[in-house]
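Engineer: Just a sequence and a predicted model for now, questions to come.
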Amino acid sequence: MRTLLFVILAIATGGACAATGQERAASAGAPLIGRPAPALVLKTIDGERIDLGAVYGKKAVYLKFWATWCVPCREQMPHFERSFESAGADLLVIAVDTGFNDTRDDVLAYRRQMGLKMPVAIDDGRFAAAFHLRVTPQHVVIGRDGRIAYIGHLVDQRLEDALRSARHSPAVTIDAATASAPEFHYAVGSRAADLRLVAIDGQGVPAVDAVRHRPLALVFFSPWCESYLAQSRPERAKACRSARTQIDALSADSAVRWVGIASGLWTTREEVAEYRDNHKIAYPIVLDESGALFRAFDVMSVPVVVVLDGDARIRRRIEDLTTQLRAALAGPR
């Protein structure tokens with residue numbers, strides 16, 4: 001099944017030799033290994049507040065990023081539950097749903113179905129940014145010294161060794177854990193003139209059209225949405241397909257500038273390029289590898305269209321893309 005996921009994602013993005021999940025996770029996480037883990041605070045779906053900064057130095061921490069629609073996440077969940085049940089006073093285990101294309105009801109239903117007992121939280125984007133989330137599942141092991149010891153995708157000996165080493169390392173005194181800097185968030189009515197967009201071909205997309213003063217429509221999407229989510233999230237896959245076909249037609253009219261913002265989850269620059277070429281997409285596409293743009297516009301699902309007017313002021317956010325996008329664009333301002 002895990003191999004099937006890679007095949008589906010490769011087909012979805014047009015990639016014949018897509019990097020494996022382990023390679024993606026390890027590559028993105030490499031700069032973090034050995035660094036102090038951020039002192040983030042999370043709230044579980046049961047209302048429990050967990051301050052990781054207060055845990056570092058005392059316990060090892062095992063975070064697993066996952067999603068209810070993710071096939072290998074489901075395959076690995078029994079291992080994760082066993083890790084929680086066997087954890088002693090030296091290990092904190094937390095399941096962190098990515099919040100991407102998942103709702104609280106989805107997570108609650110899955111927890112009931114699987115009988116999960118470990119703490120479960122839904123990320124608002126902060127954890128994905130801090131731990132360089134690129135795939136699901138993604139395992140993060142933090143040693144008792146408060147430093148990031150391992151980031152990977154597979155349940156294998158490397159993960160087991162990392163957990164064992166993290167748990168057996170001595171407890172230490174940590175003076176001050178590193179807090180994550182707050183990020184700016186755009187909202188309807190705010191101006192985004194400082195927005196810097198660079199497409200995968202190097203083309204710059206200014207927020208303001210200084211010559212024709214045209215609006216700019218940002219299309220937030222995932223290249224694999226139409227295919228991979230066809231079984232687990234059929235309505236979402238339908239919306240992604242509808243958005244793509246409608247925008248293809250609308251982009252022929254130069255009255256509005258269009259730019260695609262591709263999620264960096266399970267997506268590389270080469271895969272975005274192949275997706276663009278396979279679907280003959282004419283407008284520029286930006287790969288949001290780190291997820292910064294998705295977080296800045298509070299986009300936690302796809303597809304979403306955010307419309308900026310000629311002065312780069314955000315005028316509209318369109319999330320129901322199974323309906324006629326042209327009518328939504330022409331709606332009340």
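Structural biologist: Yep, that arrived. Numbering: from 1, shown residues only.
Engineer: who does A262 bridge with?
Structural biologist: A262 forms beta bridges with F221, L287, as assigned by DSSP bridges.
Engineer: So for it, what pLDDT did the model give?
Structural biologist: Looking at A262, its pLDDT stands at 98.
Engineer: ok, how many other residues are close to it?
Structural biologist: 27 (other C-beta atoms under 10 Å). All C-beta atoms are positioned from the backbone trio N, CA, C, and that covers glycine.
Engineer: for R326, same thing?
Structural biologist: When counting by other C-beta under 10 Å, one arrives at 12 neighbours for R326.
Engineer: Ramachandran coordinates for the residue nearest the centre of the chain?
Structural biologist: Central residue of the chain (C-alpha atoms, centre = their mean): L265, 5.1 Å from the mean position. Backbone torsions for L265, taken as degrees, to the nearest 10, come to phi -70, psi 120.
Engineer: tally of neighbours for D194?
Structural biologist: 9.
Engineer: I meant C225, not that one.
Structural biologist: 24.
Engineer: Against R144, how distant is it?
Structural biologist: To R144, C225 is 39 Å away according to C-beta to C-beta, to the nearest Å.
Engineer: circling back: from what I can see the residue nearest to the centre of the chain touches H132, true?
Structural biologist: No - when contacts are counted by C-beta atoms under 8 Å, L265 is not listed as touching H132 (11.2 Å).
Engineer: Find the residue ranges of the stretch 101-250 of the chain scoring beneath the pLDDT cut-off.
Structural biologist: 175-182 (pLDDT under 70).
Engineer: So which residues of it form strands?
Structural biologist: 120-122, 138-142, 148-152, 196-198, 204-206, 216-221 (DSSP state E, counting those that start in this stretch).
Engineer: Pop the domain breakdown of this protein in here.
Structural biologist: 2-168, 196-329 (automatic domain parsing).
Engineer: from what I can see V272 touches D288, true?
Structural biologist: No - if you go by C-beta under 8 Å, V272 and D288 don't touch, sitting 10.0 Å apart.
Engineer: Between these two, tell me which one has more neighbours.
Structural biologist: Taking other C-beta under 10 Å, V272 and D288 do not tie; V272 has more neighbours (26 against 21).
Engineer: so what's that one up against?
Structural biologist: Applying C-beta atoms under 8 Å, 6 or more residues apart in numbering, we find V272 in contact with 13, 200, 223, 262, 285, 287.
Engineer: ok, and the most crowded of those?
Structural biologist: Sorting the contacts of V272 by how many neighbours each has (other C-beta under 10 Å) puts P223 first, at 30 neighbours.
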